[in-house]
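# Generate coordinates for the sequence data below:
(one chain, ligands or ions: 1)
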Amino acid sequence: MKHILVTGGAGYIGSHATLRLLELDHKITVVDDLSNGWQSAIDALSKVGDLTFIECRCGDYDKMMDLMSDHQIDLVMHFAAFAAVNESVKEPLMYYENNTGNSLSLLRAMMDSGVNNMVFSSTCATYGLPTPDQMPLTEDCPQKPISPYGWSKLWFEQALSQCTKANPSFACTALRYFNVAGCDPQGRVGEHHIPETHLIPICLEVAKGKRDDIKIFGSDYDTPDGTCIRDYVHVDDLIAAHLLAMKHLEPGVMQTFNVGIGRGYSVMEVIESCRRVTGHAIPAVSHERRQGDPDMLYNDPSKIQKAFNWKPKYEELDAIVATAWHEMNL
Ligand code: UFG
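Residues are numbered from 1 along each chain as shown. Down below sits the predicted model:
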């Protein structure tokens, strides 16, 4: 049993991580300022195991120092971040302050209190606009972000890498997520964003009658059906990668892994999957391109498969969508 600090544990991915860690009998402290998280997630998670919730920014150095000095924290899983690419273009400073600045304060508190283990949520947005011949993406593909969001995460990756070199007791792994989707199959926690910007939840809101249609952002991309291709990984498979990363941390080493299933689905294929799973028509309308969307992004999962023997349980899109649809209908 470990005592794990989960930042952003009331949000979509952090709450799924907290759920699995509690099921494995770890003692969990969640730090979340509820800017993108939900008290209802904390309430649901409190029924599962030994959970303490502290409502504050993970970048509050004094509070993090108190927490880390008073309790034996073995490891930090750091999810707390803003994650809307479009918003980051409009409000870059907000992204640097939160995703880079608050993360650096958290790291400073870890270093000052001797908490030496971290698993960090990074993103394939750090790769920017890869060329088609770089697909599928491996971890050594050049990192050239095209959004403040991507930069804000890459800067913290750099800080982690340099701090790990300078401190041989520090161990960390950065996981670069592709498109995370789906929910806990029992629906105890789910995916809720305000405003919602992600493709699958929007399609499901159309199926529910909460929206009239789904807008397809660009139908003239260089892909077989003209719509963008992404690699959708189920949130439980992503969390399984975190549990493995936690097990395989090595002092003085920063490890990086992409997490995506290694198969791409187009926007049209996602809409069709949502239609099949929900049984609803889900009207779709063509719309102009959204700024900064690469034609194709999908992963080469060999590195994480070899290192951790990670294998996704969800390889079919319909199965992923079904878990999200189930949660929405509870
Ligand atoms: N899309 C639409 N209509 C919508 C919403 C999305 O056509 O209403 C399209 C997008 O243009 C894109 C695809 O569906 O081609 C997927 O879009 P999402 O917004 O669901 O996801 P993104 O690929 O933009 O973003 C995700 C994560 C980011 C991460 C990024 C890396 O949410 O945090 O992958 O590329 F940075």
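
# So what's the model's average confidence on the longest helix along the chain?
Scanning the chain for the helix with the most residues, using DSSP state H, yields helix 148-166. The predicted model assigns helix 148-166 a mean pLDDT of 97.

# Over to stretch 321-330?
Across stretch 321-330, the per-residue pLDDT values average to 97.

# Is any residue of that stretch near the ligand?
No. Judged by C-beta under 6 Å from any ligand atom, stretch 321-330 and the ligand are separated, with a smallest distance of 11.9 Å. (Each C-beta comes from the backbone N, C-alpha and C, glycine too.)

# Identify all contacting residues around that stretch.
181-185, 187, 190-191, 200-201, 204, 207-208, 234, 270, 273-274, 277-278, 314 (C-beta atoms under 8 Å, 6 or more residues apart in numbering).

# let's see it at 6 Å
Outside stretch 321-330, the residues within contact range by C-beta atoms under 6 Å, 6 or more residues apart in numbering are 182, 183, 185, 187, 190, 200, 204, 273, 274, 277, 278.

# Could you report the neighbour count for the second one?
What it means is residue 183. 27 (other C-beta atoms under 10 Å).

# Against residue 256, how distant is the residue nearest to it when sequence neighbours are not counted?
Nearest non-adjacent residue to residue 183, counting by C-beta to C-beta, 6 or more residues apart in numbering: residue 327, 4.1 Å away. Counting by C-beta to C-beta, to the nearest Å, the gap between residue 327 and residue 256 amounts to 31 Å.

# The residue of the stretch 1-150 of the chain found nearest the ligand - how many residues pack around it?
Nearest residue of the stretch 1-150 of the chain to the ligand: residue 125, at 3.3 Å (C-beta to the nearest ligand atom). Residue 125 has 26 neighbours, counted by other C-beta under 10 Å.

# one step back: and the furthest pair within the contacts of stretch 321-330?
The span of the contacts of stretch 321-330, defined through C-beta to C-beta, is set by 187 and 273 at 18.9 Å.

# For residue 286, what is the enclosing helix or strand?
Under the criterion of DSSP states H and E, residue 286 resides in strand 284-287.

# how far does that strand sit from the chain's center?
From the chain centre to the centre of strand 284-287 is a distance of 27 Å (C-alpha atoms, centre = their mean, to the nearest Å).

# who touches it?
213, 214, 215, 216, 217, 219, 271.

# ok, back up a step: in the stretch of helix or strand the residue nearest to residue 183 belongs to, what counts as buried?
Per DSSP H and E: residue 327 is located in helix 317-328. For helix 317-328, a neighbour-count test (16 or more other C-beta atoms under 10 Å) marks 317, 320, 321, 322, 323, 324, 325, 326, 327, 328 as buried.

# Test my guess that the second one contacts residue 181.
Yes. The pair formed by residue 320 and residue 181 meets the contact definition of C-beta atoms under 6 Å, at 5.2 Å.

# any residues in contact with both of the two?
Shared contacts of residue 320 and residue 181 (C-beta under 6 Å, 6+ apart): residue 232.

# what's the nearest residue to residue 30 if we skip its chain neighbours?
residue 9 (3.2 Å).

# Would you mind measuring from the one you found to residue 21?
Taken as C-beta to C-beta, the span from residue 9 to residue 21 is 9 Å.

# Check which element follows the lowest-mean-pLDDT helix or strand in the chain along the chain.
Within the chain, no helix or strand scores below helix 85-90, which has a mean of 90 by mean pLDDT, DSSP states H and E. Using DSSP H and E, the next helix or strand after helix 85-90 towards the C-terminus is helix 92-95.
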